[in-house]
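Visitor: Here is the input, now give the coordinates:
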Amino acid sequence: MGTEEILTAAGVGSGDEVVVPSYATPGAAEAVRYVGAVPVFADIDPGTFCLDPAAAEAAVTSRTAAVVAVPLFGHPADLPALQRVAVRRGLLVVEHVEHGRPESPDPRRQANAACLDARLTGVLTPPVAPGVRHGYHSYVVRVPGNGRPDRDAFARALRSRGVGCRVPVQTPVHRMPAFRRELWLAETERAADVCLALPVDENMSRRELQRVVSACNALGGLLPAAA
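Guide: This is a model prediction of the structure:
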C-alpha cells in the first residue's frame, strides 16, 4: 500500500499531525495532506540525510499520530530508531517510497560509488551508517565552504569540464509555497546549501569515473562565488 492508504487505514486524518522530513521531495508531505492531516517538518541526520529520530521526537505533540520516514539517495531511513520513538509515544511509523517499493541496490552502482569514495578529495563523500547497504540512487557529496555560492560555483566548474552534476534537493519542502513554515531546520538548510549529486550510473566506464575524480580533485573543493 502507498503512504496515503496506510495512513487512512490507521485512522490518521483531520486534526492529526504527522512528522515528515523537509529535505526530500514533497511526496510525503503531500500524502499527509491528502488524508487531511497536517505535515510537521523535522530535521535530518547530517550523515544519512534521512529524518533524524531525535528531531522527529522533538516535533511530537499531543496531536501527532504518525511519523513518515523517507529513504533518500539510496540510504534507508533509521526505521529501528524511529520505531523506538513510536513505541514511546504511541505513534505509527510509515516508510514513504516514491515508486511504491524500495529499489534493490545495484552492484555496479555500489562499485562505482566505492571507486569515487576511494579517490575523491576536496568534497565530503557520502557516509554510510553501520550495517546499512547504500543503493547510491544518487551519489551526494558535500562541497566544503560557507554556503550556496561555493557549491554552485563548484557545480558550474564541473559542468564546464564535462561532468554532469545536479543539486539533489533544490528547495526543502518547508520553504515551498504550498507548505511554507517559518522554522529553522539547521541540518536541512545546510544540506540544501552544500550538497551536490555526482554521476554514478551503472553504465559509466572507468574512464568516465576518472573524469569525475580528476575534475573534482583539480578544483580542490572550494571556488570563489564568481568562478
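
Visitor: What segments of the chain are strands?
Guide: Assigned by DSSP state E, the strands in the chain fall at 17-21, 38-42, 64-69, 92-95, 139-142, 195-198.

Visitor: Contacts only, for the spatially closest residue to residue 213 that is not a sequence neighbour.
Guide: Counting by CB to CB, 6 or more residues apart in numbering, residue 213 lies nearest to residue 119, which is 4.5 Å off, once chain neighbours are set aside. Every C-beta, even on glycine, is put in place using the N, C-alpha and C of the backbone. When contacts are counted by CB atoms under 8 Å, 6 or more residues apart in numbering, residue 119 touches 210, 213, 217.

Visitor: measure the last one to residue 118 for me?
Guide: It stands for residue 217. The gap separating residue 217 from residue 118 is 12 Å, by CB to CB, to the nearest Å.

Visitor: ok, these two, which is more surrounded?
Guide: Using other CB atoms under 10 Å, the more surrounded residue of residue 217 and residue 118 is residue 217, with 14 against 9.

Visitor: just to revisit the earlier point, just the contacts of residue 119 now: which is nearest residue 178?
Guide: Nearest to residue 178 among the contacts of residue 119 is residue 213, at 39.1 Å by CB to CB.

Visitor: Would you check that the closest one makes contact with residue 112?
Guide: No. If you go by CB atoms under 8 Å, residue 213 and residue 112 don't touch, sitting 11.0 Å apart.

Visitor: Now render the strands of the chain as TSV, adding mean pLDDT.
Guide: TSV is the format used below for those (pLDDT from 0 to 100):
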stretch	mean pLDDT
strand 17-21	98
strand 38-42	98
strand 64-69	98
strand 92-95	97
strand 139-142	96
strand 195-198	97
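
Visitor: Perfect, I'm done here.
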